[in-house]
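**Q** Next comes the sequence, and after it the predicted model I'd like to discuss.
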Amino acid sequence: GRRLARLSAPCAELVTVAAVGGPRIRAEVLGRVLPAGYDVGALVEEAVRARILVGTADGPRFAHDLFRETAADLPAARAEQLHARIGAALATLPGVEPGEVAAHLVAARPTRPAAVADAVGWCERAAVAASSRLGHAEAATHLAAALTLPGTGAGEGRRLLGELAEAQDRCELILRRLRE
């Protein structure tokens with residue numbers, strides 16, 4: 001808490017966005033989510049000097065999970081807003097796992113029909129990607145997440161329930177074959 005309190009306001013905002021973004025810190029996402037004019041590189045360096053972040057070959061990461069957890073402890077409305085912006089930023093990057101985008105868009109708890117439809121679409125893409133890797137349980141999790149979103153129509157809800165049942169059936173089939 002004390003180290004975080006000593007950061008400049010822009011650096012504290014960067015740390016907050018990075019914390020909500022999850023364990024992997026992407027400069028591209030920070031650049032799209034933070035206000036225009038923020039120097040992401042300089043702010044990351046400030047956080048490294050404060051020993052909140054550490055530099056690694058894969059990019060910066062939190063020096064300790066407690067820093068990430070503390071920085072991500074936000075009022076629900078603020079966290080939801082950041083999840084929506086992070087999800088939108090991730091959706092524009094090549095090679096991002098659909099499940100990562102879906103997780104942020106669901107965590108944003110959208111209420112606008114277009115935002116709900118976008119989140120449901122990413123959940124479905126994540127389910128397809130997971131199933132293609134034989135991750136049927138993961139696919140079921142993404143489909144179940146889509147069903148938690150408000151405003152999915154009855155027809156869409158039935159379709160998602162059908163897809164969820166199919167993913168669960170595939171899980172059960174694999175488990176039965178493993179037990180044989």
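**A** Good, I have the coordinates.

**Q** Give me the contact list for stretch 81-98.
**A** 16-17, 20-21, 26, 28-29, 32-33, 74, 100-105, 107-108, 110, 115, 119, 122, 125-126, 128-129 (C-beta atoms under 8 Å, 6 or more residues apart in numbering). Just so you know, the C-beta spots here come from the backbone N, C-alpha and C atoms, and that holds for glycine as well.

**Q** Grab the CA positions of it and hand them over as PDB.
**A** Coordinates of the C-alpha atoms in stretch 81-98 are reproduced here as PDB (Å, rounded to 0.1, in the frame of the first residue of the first chain):
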ATOM      1  CA  GLN A  81     -15.200   0.300 -16.800                       C
ATOM      2  CA  LEU A  82     -11.600  -0.800 -17.000                       C
ATOM      3  CA  HIS A  83     -12.500  -4.400 -17.900                       C
ATOM      4  CA  ALA A  84     -14.600  -3.100 -20.800                       C
ATOM      5  CA  ARG A  85     -11.800  -0.800 -22.100                       C
ATOM      6  CA  ILE A  86      -9.100  -3.600 -21.600                       C
ATOM      7  CA  GLY A  87     -11.300  -6.100 -23.400                       C
ATOM      8  CA  ALA A  88     -11.900  -3.700 -26.300                       C
ATOM      9  CA  ALA A  89      -8.100  -3.000 -26.500                       C
ATOM     10  CA  LEU A  90      -7.300  -6.700 -26.500                       C
ATOM     11  CA  ALA A  91      -9.800  -7.400 -29.200                       C
ATOM     12  CA  THR A  92      -7.800  -5.200 -31.600                       C
ATOM     13  CA  LEU A  93      -4.500  -7.100 -31.000                       C
ATOM     14  CA  PRO A  94      -3.500 -10.000 -33.300                       C
ATOM     15  CA  GLY A  95      -3.000 -13.400 -31.700                       C
ATOM     16  CA  VAL A  96      -4.800 -12.700 -28.400                       C
ATOM     17  CA  GLU A  97      -6.700 -15.700 -27.000                       C
ATOM     18  CA  PRO A  98     -10.500 -15.100 -27.400                       C
END
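
**Q** Could you pull out the helices in this protein for me?
**A** 2-5, 9-21, 27-33, 40-49, 65-72, 76-91, 98-107, 113-132, 136-147, 154-179 (DSSP state H).

**Q** Buried ones in stretch 122-135, by neighbour count?
**A** Of all the residues in stretch 122-135, those buried under the rule 16 or more other C-beta atoms under 10 Å are 122-127, 129-131, 135.

**Q** Done for today, thanks.
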